[in-house]
Each structure stands twice: as structure tokens, then as C-alpha cells.
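K.L.:
sequence? don't have it. structure:
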């Protein structure tokens, strides 16, 4: 029998479902919210509701945004000749923090993973191929996937699909990235070198 009331247990279980938060961290967060009298719990609740209501995917690159296009796609100063393909919006954010890349992005929202029943059609790969076919300004596509086996397989699948019609350069991040490492966990220095010293695929 638990010594905690049911609402506390449910709150802990809900927070534990988030990636990177274990049950102990979830407990600390819940008890911190219970102790806080500034209305923080209500503020968090309202902001999470607004998140679901107001945020959608950019119609061009599939990054998160409020309107039809994200801030990057609507920025006329970005380099239209280079497109960087990333697995997630977090990877995009990580690359932007380096200030090394000034091109445009395409967000896949995952990697091909047959074991987890994630196939090419479940990602934004078809949209990527259609986008590249229509874009006559494009000169280079950077496949900025992480270092896992599934990420490598996804990059290979995309590269092979692109080679059928894209005549420009296809490159990958340089291998300062540890095997199995996620881009959003890398330090800015390593990520900066990986993008600036990228190599042909």
C-alpha cells in the first residue's frame, strides 16, 4: 500500500513518462510544485495547453512553428543553396546554436526503424524528395543524422533516393560525433566542427 495520495502518484507517473525523467526526478518535481504557492502549477498547465493548441509543423521544413512557416523558412537571408536534413527539431536547435550553418532545414521527425515499425512513409522523407525535385537553387544537401545504426541506415536510404535525380553534392557531418550519439547532446564545439568539416556522403 502506498503512503502517498492517489493524485500525487498519478502526477509522478505522468512526469515519469517524459524522456530523461525518472521516478525520483518526477517525485522531486511534484513535491516542489506542491510546495510552491506562486501559481507555478497553473502557469505550467496553461502553457502546456497552449503548446498543443498553438504549435503546428512548418509546411515547408516541418520544424515547429505558430503560423504556416517557421522563422527559418520565412527568413530571406538564409542560404537557399544548402539544405540540412535533421532527425528532430531538437537537432535543428542544436545546430542553430553553433551559428555555423546559415542554410535551410528539413526535419524528418524520426529515423527508419523496422523493429519499432517506423518505415520511410512514417517520416517526412517523401516530402523531402518532393521538395528537392522542385528546388532548382539547391546545390548541397547535408544529411545531419545522429551516430546510431538506424540513423546511418536512414541517411543511406535518403542518399540513394536522392541520387536518382539530384545532381548536387550530398554530404554528411564529419565524424566528431560518437557512435550512437544524439546531436542535441553534443557540445557546441564538436557540433560546429562536424558541420564545418562535413564530408561527401
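P.N.:
Received it, and whenever you're ready, just let me know what you need. None of the values given here were measured: they were computed from a predicted structure.
K.L.:
burial measure for residue 19, as a count.
P.N.:
Look at residue 19: counted by other Cβ atoms under 10 Å, it has 4 neighbours. (C-beta placed from N, C-alpha, C; glycine too.)
K.L.:
begin at 30 from here
P.N.:
Sure, I'll start counting at 30 from here, so that last one is residue 48.
K.L.:
in what helix or strand does it lie?
P.N.:
If you go by DSSP states H and E, residue 48 is not part of any helix or strand.
K.L.:
Go through the helix or strand harbouring residue 54 and flag the buried ones.
P.N.:
Taking DSSP H and E as the definition, one finds residue 54 inside helix 52-64. Residues 55, 56, 58, 59 are the ones in helix 52-64 that count as buried (16 or more other Cβ atoms under 10 Å).
K.L.:
Name the nearest of those residues relative to residue 96.
P.N.:
residue 58 (32.1 Å; Cβ to Cβ).
K.L.:
wait, isn't that closest one in contact with residue 43?
P.N.:
No: counting by Cβ atoms under 8 Å, residue 58 stays clear of residue 43, with 10.3 Å between them.
K.L.:
and the buried residues of helix 52-64 as JSON lines, adding distance to residue 76 and pLDDT?
P.N.:
Output for those, formatted as JSON lines (distance: Cβ to Cβ, whole Å; pLDDT from 0 to 100):
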{"residue": "55", "distance to residue 76": "18", "pLDDT": "94"}
{"residue": "56", "distance to residue 76": "22", "pLDDT": "95"}
{"residue": "58", "distance to residue 76": "15", "pLDDT": "95"}
{"residue": "59", "distance to residue 76": "17", "pLDDT": "95"}
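K.L.:
Looking at these, which two lie furthest apart in space?
P.N.:
56 and 58 (7.3 Å).
K.L.:
ok, which stretches of this protein are strands?
P.N.:
85-86, 93-94, 111-115, 133-136, 169-172, 198-201, 228-229 (DSSP state E).
K.L.:
ok, residues contacting the second one?
P.N.:
Going back to what we said before, that points to strand 93-94. 84, 85, 86, 87, 99, 100, 118 (Cβ atoms under 8 Å, 6 or more residues apart in numbering).
K.L.:
contacting residues around the last one?
P.N.:
It refers to residue 118. Neighbours of residue 118 in contact, by Cβ under 8 Å, 6+ apart: 92, 93, 136.
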